[in-house]
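> can you look at this prediction? I've put the sequence above it.
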Amino acid sequence: MQSNNRDGNVVRTMVPKENGVFLTWEDLWVTVTNGKEGRKSILEGVTGYAQPGELLAIMGPSGCGKSTLLDALAGRSGSNTRQSGEILINGLKQKLGFGTSAYVTQDDTLMTTLTVREAMYYSAQLQLPDSMSKSKKKEIADITIKEMGLEDAMNTRIGGPGAKGLSSGQKRRVSICIEILTRPKLLFLDEPTSGLDSAASYYVMSRIASLHKRDGIRRTIIASIHQPSSEVFQIFHNLCLLSSGRTVYFGPASTATEFFTTNGFPCPTLQNPSDHFLKTINKDFGKDLEQGLDGGIPTEEAINSLTRSYKSSEIYQQVRRQVSEICKQDWGALEKKRNHAGFVIQCLVLTRRSFVNMYRDIGYYWLRLAIYVALAIGLATVFYDVGSSYAYASIQVRGSLIMFITAFLTFMTIGGFPSFVEDMKVCFVCRLSIDLLFFEASINLFLCTLILLTSFNMHLD
Ligand SMILES: Nc1ncnc2c1ncn2[C@@H]1O[C@H](COP(=O)(O)OP(=O)(O)O)[C@@H](O)[C@H]1O
Ligand SMILES: [Mg+2]
């Protein structure tokens, strides 16, 4: 019976080679250096899978390793982490190419001075191939904005510290929009609903889960999620419940409640199951007080009992069988390279975007222009009437004037680095080449210096 079920399941999930990404991970351990104490394990032998057309939710208390698991699966683990175990894509060890996967990070890394429409248009021009017309790219950007319900905020600036713009929920949706522009087959989302109210969370998650209805791509979606409502919970196909890096449950979301009930933690009537799971496995707050109140067993014990029960359950065996079935199939290698804009277009778009950003950022051009003018007036006053002869004194004064100008220009240029670092973060999210970024920064710096030098000369003449 079991094997029939299993076979049925495998047949159900088989899709044509080019139409999906199967991701499996087996006995995955992630450790980080922890100062003098040596290494600390963040994930401890996690096993699971994600397959096309399904949404896998990773849940657990904060600090349990959700983002670490997502990072490891997406191949974005930090340099101080070490991992062991096998992560396979379509049964093979391979890298995720550009456009195949997208990762929506927990923090929104957006250019605060741009409007939603501009941010999307620039991203579309950078990420979509040159063979696509500009109008088509804009159309795709507009459709994506509508998909995420951002039509009303299209012309609103994103905003950031000190400049009010979009709400945090809207920013999250802009980040998601930018990532799904390339229609990736594998989508990682780190807490996509944080900052959203329950209705917005539901709409965002249901839209993400139903993206395939619009573009026909059977997408593999993995989302770490924090406190889903019961409606959002029903959207999940599979659930991975972590506690301190250990798997408490991995399997169909619909049978999680049954698993908890069987192991002595029934979900109270009218309580949101996800709230119940998180409350049962959260050991961050010493449970001594609560223990007295509801007479439950200590959380540490509850977690140990659940992890043990899960390891010996039929659900776990089924997950392992499913992982090995997926690995056995010949899904073929992933498409090697998906196109994005070429070098020249990327340079032009980045330079334009950077100019718009700097032009709108009062501290970047305008404040500095005012300082330059003040400096120019100051220098012009000090060095007024240095004489036009070739006398030694006159030459010496001109030399020191050049020194001053060079020193001022250099220091003022350094003032532009914070903006450059912001640009770098945005470009890192867009997975653009760092060389390109330096090229774009050099163009900007060159033009900026040229303008300022001209204004200096005009002033001194
Ligand atoms: N690179 C790192 N160096 C040190 N500790 C880390 C690192 N990455 C994560 N951690 C720690 O691992 C734990 C899990 O982190 P994370 O995966 O971000 O949790 P969350 O489930 O909230 O997303 C946290 O206690 C965090 O402090
Ligand atoms: Mg996290």
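Thanks, I have it. Residues are numbered from 1 along each chain as shown. Ligands and ions are numbered 1, 2, ... in the order given.
> okay, and the residue of the stretch 301-450 of the chain found nearest ligand 1 sits in which element?
With C-beta to the nearest ligand atom as the measure, the residue in the stretch 301-450 of the chain that lies nearest ligand 1 is residue 303; the distance is 14.7 Å. Backbone N, C-alpha and C define where each C-beta goes, glycine included. Using DSSP states H and E, residue 303 falls within helix 299-311.
> direction-wise, compare whichever helix or strand comes after that helix with helix 299-311 and give the angle.
With elements assigned by DSSP H and E, the helix or strand that comes after helix 299-311 is helix 314-328. Orientation check (axes from the mean of the first three to the mean of the last three C-alpha atoms, to 10 degrees): helix 314-328 against helix 299-311 gives 50 degrees.
> what about the residue of the stretch 301-450 of the chain closest to ligand 1, neighbour count?
By other C-beta atoms under 10 Å, 18 other residues sit near residue 303.
> lowest average confidence, helix or strand, in this protein?
Taking mean pLDDT, DSSP states H and E as the measure, helix 2-13 is the helix or strand of the chain with the lowest mean score, a mean of 39.
> tell me which helix or strand comes right after that one.
Assignment by DSSP H and E places the next element after helix 2-13 at strand 23-33.
> summarise which helices and strands that following strand is packed against.
Other elements packing on strand 23-33 under the criterion 3 or more C-beta pairs under 8 Å, 6 or more residues apart in numbering; DSSP states H and E are strand 39-50, helix 66-74, strand 81-89, helix 314-328.
> nearest to residue 424, of the ones you listed?
Put simply, out of the helices and strands packed on strand 23-33 the one that sits nearest residue 424 is helix 66-74, at 19.0 Å, with distance taken as C-beta to C-beta.
> run the chain-centre distance for the closest one.
Taking C-alpha atoms, centre = their mean, to the nearest Å, one finds the center of helix 66-74 at 11 Å from the center of the full chain.
> same question, stretch 263-282
Averaged C-alpha coordinates place stretch 263-282 at 30 Å from its chain's average position (C-alpha atoms, centre = their mean).
> and it, what's its mean pLDDT?
What stretch 263-282 shows for mean pLDDT is 89.
> show me which residues of it are buried.
Residues 263, 265, 267, 272-282 are the ones in stretch 263-282 that count as buried (16 or more other C-beta atoms under 10 Å).
> equivalent analysis for stretch 380-390, please.
Within stretch 380-390, the residues that qualify as buried by neighbour count (16+ other C-beta under 10 Å) are residue 386.
> ok, stretch 195-211 next?
Counting neighbours by 16+ other C-beta under 10 Å, the buried set in stretch 195-211 is 195-196, 200-205, 207-209, 211.
> sorry, back to before: which one of the buried residues of stretch 263-282 is nearest to residue 158?
Nearest to residue 158 among the buried residues of stretch 263-282, counting by C-beta to C-beta, is residue 274 at 30.4 Å.
> now the closest one: which helix or strand?
Take DSSP H and E as the rule and residue 274 turns out to sit in helix 273-281.
> what's the angle from that helix to helix 299-311?
Using the same axes, to 10 degrees, the direction of helix 273-281 lies 120 degrees away from that of helix 299-311.
> residues contacting helix 273-281, please?
Outside of helix 273-281, the residues within contact range by C-beta atoms under 8 Å, 6 or more residues apart in numbering are 59-61, 227-230, 233, 241, 243, 248-249, 256-257, 260, 265, 267-268, 299, 302-303, 306.
> give me that answer again for 6 Å
By C-beta atoms under 6 Å, 6 or more residues apart in numbering, the surrounding residues in contact with helix 273-281 are 228, 233, 241, 243, 248, 257, 265, 267, 302-303.
> is it positioned near ligand 1?
No. Legend: contact between helix 273-281 and ligand 1 by C-beta under 6 Å from any ligand atom is lacking; minimum distance shown is 11.5 Å.
> stretch 20-38 now?
Yes. Legend: contact between stretch 20-38 and ligand 1 by C-beta under 6 Å from any ligand atom is shown at residue 32.
> now find how far off-centre the one helix or strand residue 203 maps to is within its chain.
Counting by DSSP H and E, the element that carries residue 203 is helix 198-209. Its chain's C-alpha centre and that of helix 198-209 lie 18 Å apart, by C-alpha atoms, centre = their mean.
> ditto for stretch 181-195
Going by C-alpha atoms, centre = their mean, the spacing between the C-alpha centre of stretch 181-195 and its chain's C-alpha centre is 8 Å.
> now for the helix holding residue 203, which elements pack on it?
Using 3 or more C-beta pairs under 6 Å, 6 or more residues apart in numbering; DSSP states H and E, the elements in contact with helix 198-209 are helix 230-235.
> now do the buried residues in the helix it packs on.
Under the neighbour-count criterion of 16+ other C-beta under 10 Å, helix 230-235 has 232-233, 235 buried.
> distance to residue 128 and pLDDT added to the residues you listed, as CSV?
Below are those laid out as CSV (distance: C-beta to C-beta, whole Å; pLDDT from 0 to 100):
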residue, distance to residue 128, pLDDT
232, 30, 93
233, 34, 93
235, 28, 93
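> count the neighbours of residue 420 for me.
A total of 15 residues lie near residue 420 under the criterion other C-beta under 10 Å.
> ok, now how distant is it from residue 414?
Residue 420 is 10 Å from residue 414, where distance means C-beta to C-beta, to the nearest Å.
> likewise residue 273?
Counting by C-beta to C-beta, the separation of residue 273 from residue 414 is 54 Å.
> ligand 1 contacts on the protein?
With C-beta under 6 Å from any ligand atom as the criterion, the chain comes near ligand 1 at residues 32, 42, 60, 62-68, 78, 80-81.
> the same query, at a cut-off of 8 Å, please.
Applying the criterion C-beta under 8 Å from any ligand atom, the portion of the chain that neighbours ligand 1 consists of 32-34, 40, 42, 60-71, 78, 80-81, 106, 190-191, 224, 242, 245.
> can you list the domain ranges for the protein.
Per automatic domain parsing, the structural domains of the chain span 2-100+218-328, 102-183, 343-460.
> make CSV from the buried residues of helix 230-235 and add distance to residue 328 to it.
Compiled in CSV, the buried residues of helix 230-235 are given as follows (distance: C-beta to C-beta, whole Å):
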residue, distance to residue 328
232, 34
233, 32
235, 30
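> circling back: give me the spatial nearest neighbour of the residue of the stretch 301-450 of the chain closest to ligand 1, chain neighbours excluded.
Excluding its sequence neighbours, the residue lying closest to residue 303 (C-beta to C-beta, 6 or more residues apart in numbering) is residue 243, at 4.9 Å.
> just want the phi and psi numbers for that neighbour.
With angles defined as degrees, to the nearest 10, residue 243 shows backbone torsions of phi -140, psi 120.
> and it, how far from residue 89?
As defined by C-beta to C-beta, residue 243 lies at a distance of 27 Å from residue 89.
> the two: which is more packed in?
Using other C-beta under 10 Å as the criterion, residue 243 and residue 89 rank with residue 243 on top: 26 against 22.
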